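Engineer: Sequence plus predicted model, see below.
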Amino acid sequence: METRERVLAAAERLRYRPNATARALSRQRANAIGFVANIANEEPNLYFLEVFNGVVRGATEAEQATCVFPLGGWEEAPKRIPALCDGRVDGLVVLAPYLEDDSTNWLPPHTPLVTIHAGMQLQGQVNVEADDEAGGFGIVRHMLELGHRHILCVGGPPHTKGADRRVEGFLRAHAETGVEVGAHHVIRTWFTVQGGREAMETWLQGHRGERLPEAIFCGNDAIAFGCMEALEARGLSVPRDISIAGFDDTLLARTLRMTTVRQPLLEMGRQAVNVLMQLIEAQRSGQTYEGPRNIVLPVEILPGRTLIAPARGAVLMIS
């Protein structure tokens, strides 16, 4: 028996499997991608789960393994992300990063990277996102068409691209309809249930004796649910007393049958992986990626049971 055959026979008998890391180093290819996200918040992040599902599907279609790298906060990124680019993965998908302009100084050039819903566009990086401004515009225009004229906007964190654009859509819908936005009717908070609940309660306390808004447009579904909790704690009913709409179409919105704006979250994850594979192949072949740097996917308005036309002649005051 030839030496090679004896070795293979022994390997089969012992159920030996080559070390994947060693093979990756020898081939300079890990056949794995990394998924980086901030999961510091204690609340379940349904947005993360649905995008991650798309990332896993895209990676499976590309015959790639998926490694998850959680961050305890984006302040860890300048140290953690370069450390991940040590050959264990061929590229990274980074979910909703809050990174500054100077991030390009520490992002490793040898590891391709794609962001999803980046807080700001990073120079030279590819970003996949939904049409946030169109979503904000569409859902608020729908509110106005139903007859709502006093609409509160509880948006996401300021100075982040997606949250800002949803607020811009809210403002544009009012401007094009000729309806004035009420004073102090745009507030901002974190993309969490707690953020929505606290922002709503604080706003109500600060406007006692004033007219209750007829409807609320929220920066995401989690904020909307938090607002609903705060309103119901005061004995107010959604949508009988006040209508609410969210943004994302996560499992939370589907469970509550909430009126919301559907982002193609699964497709965003899958598309990010597809683009990442193009970047990886372009780098390996010494070519330049010629595709778009900002990929914007369309959104859809989904009617639910939390948004109805305002009751005629009914004016509720904040107690």
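Structural biologist: Okay, I see it.
Engineer: what does the helix ranked longest in the chain rub up against?
Structural biologist: If you go by DSSP state H, the chain has its longest helix at helix 265-284. Here helix 265-284 makes contact (Cβ atoms under 8 Å, 6 or more residues apart in numbering) with 29, 33, 47, 50-59, 61-62, 64, 90-93, 110, 112-117, 126, 128-130, 248-250, 288-289, 291, 295, 297. Where you see a C-beta, it was placed from the backbone N, CA and C, and this is true even at glycine.
Engineer: How about the secondary structure of the closest residue to Val273 other than its chain neighbours?
Structural biologist: In space, and not counting its chain neighbours, Val273 is closest to Gly58: 3.0 Å by Cβ to Cβ, 6 or more residues apart in numbering. Following DSSP: H, G, I helix; E, B strand; the rest coil, Gly58 is assigned to helix.
Engineer: Contacts for stretch 172-182, please.
Structural biologist: Residues contacting stretch 172-182 (Cβ under 8 Å, 6+ apart): 133, 136-138, 140-141, 143-144, 149-153, 170-171, 213.
Engineer: Just give the number of residues close to Cys67.
Structural biologist: Applying other Cβ atoms under 10 Å, we find 16 residues neighbouring Cys67.
Engineer: how about it, secondary structure?
Structural biologist: strand.
Engineer: Report the spatially nearest residue to it, omitting neighbours in sequence.
Structural biologist: Cys67's closest residue in space is Gly34 (Cβ to Cβ, 6+ apart), at 4.8 Å.
Engineer: got it, and Leu204?
Structural biologist: Leu204 sits nearest to Ile318 (Cβ to Cβ, 6+ apart), 5.6 Å away.
Engineer: ok, now which ones touch Glu129?
Structural biologist: Here Glu129 is in contact with Ile116, His117, Ala118, Lys161, Gly162, Met268, Asn294, Ile295, Val296, Leu297 (Cβ under 8 Å, 6+ apart).
Engineer: Considering those, which possesses the most neighbours?
Structural biologist: Neighbour tally across the contacts of Glu129 (other Cβ under 10 Å): the maximum, 26 neighbours, falls on Gly162.
Engineer: so that residue makes contact with Gly119?
Structural biologist: Yes - Gly162 lies in contact with Gly119 (Cβ atoms under 8 Å); the separation is 7.5 Å.
Engineer: Identify the contacts common to the two.
Structural biologist: Ala96.
Engineer: which is the next helix or strand following the helix-or-strand element of the chain with minimal mean pLDDT?
Structural biologist: Scoring the helices and strands of the chain by mean pLDDT, DSSP states H and E places helix 20-27 at the bottom, with a mean of 52. Counting by DSSP states H and E, the element after helix 20-27 in chain order, helix or strand, is strand 32-38.
Engineer: Point out the other helices and strands that that following strand packs with.
Structural biologist: helix 46-61, strand 65-71, helix 77-84, strand 91-95 (3 or more Cβ pairs under 8 Å, 6 or more residues apart in numbering; DSSP states H and E).
Engineer: residues near the closest residue to Leu146 other than its chain neighbours, how many?
Structural biologist: Excluding its sequence neighbours, the residue lying closest to Leu146 (Cβ to Cβ, 6+ apart) is Ala309, at 4.4 Å. When counting by other Cβ under 10 Å, one arrives at 14 neighbours for Ala309.
Engineer: try Asp132
Structural biologist: For Asp132, the neighbour count with other Cβ under 10 Å is 25.
Engineer: The residue nearest to Cys67: what's it in contact with?
Structural biologist: So Gly34 contacts Thr66, Cys67, Val68, Phe69, Leu84, Arg88, Val89, Gly91, Leu92, Val93 (Cβ under 8 Å, 6+ apart).
Engineer: Can you read off the pLDDT for Gly182?
Structural biologist: Looking at Gly182, its pLDDT reads 88.
Engineer: That one should be in a helix, yeah?
Structural biologist: No - judged by three-state DSSP, Gly182 forms no part of a helix; its state is coil.
Engineer: Check the gap between Gln287 and Asp131 for me.
Structural biologist: 30 Å (Cβ to Cβ, to the nearest Å).
Engineer: Give the residue from those two that has the larger number of neighbours.
Structural biologist: Applying other Cβ under 10 Å to Gln287 and Asp131 shows that Asp131 carries more neighbours, namely 17 against 10.
Engineer: Please point out which parts of stretch 118-130 sit buried.
Structural biologist: By neighbour count on 16 or more other Cβ atoms under 10 Å, the buried set for stretch 118-130 is Ala118, Gly119, Met120, Leu122, Gln125, Val126, Asn127, Val128, Glu129, Ala130.
Engineer: Least confident of those residues?
Structural biologist: Per-residue pLDDT puts Leu122 lowest of the buried residues of stretch 118-130, at 77.
Engineer: any low-confidence regions in the stretch 1-150 of the chain?
Structural biologist: The stretch 1-150 of the chain contains residues with pLDDT under 70 at 1-2, 4, 6-28, 101.
Engineer: 50 instead, please
Structural biologist: 26 (pLDDT under 50).
Engineer: the strands in this protein, which residues?
Structural biologist: With DSSP state E as the criterion, the chain has strands at 32-38, 65-71, 91-95, 113-116, 126-130, 151-155, 186-188, 215-218, 243-245, 260-262, 294-297, 300-302.
Engineer: Thanks a lot, see you next time.
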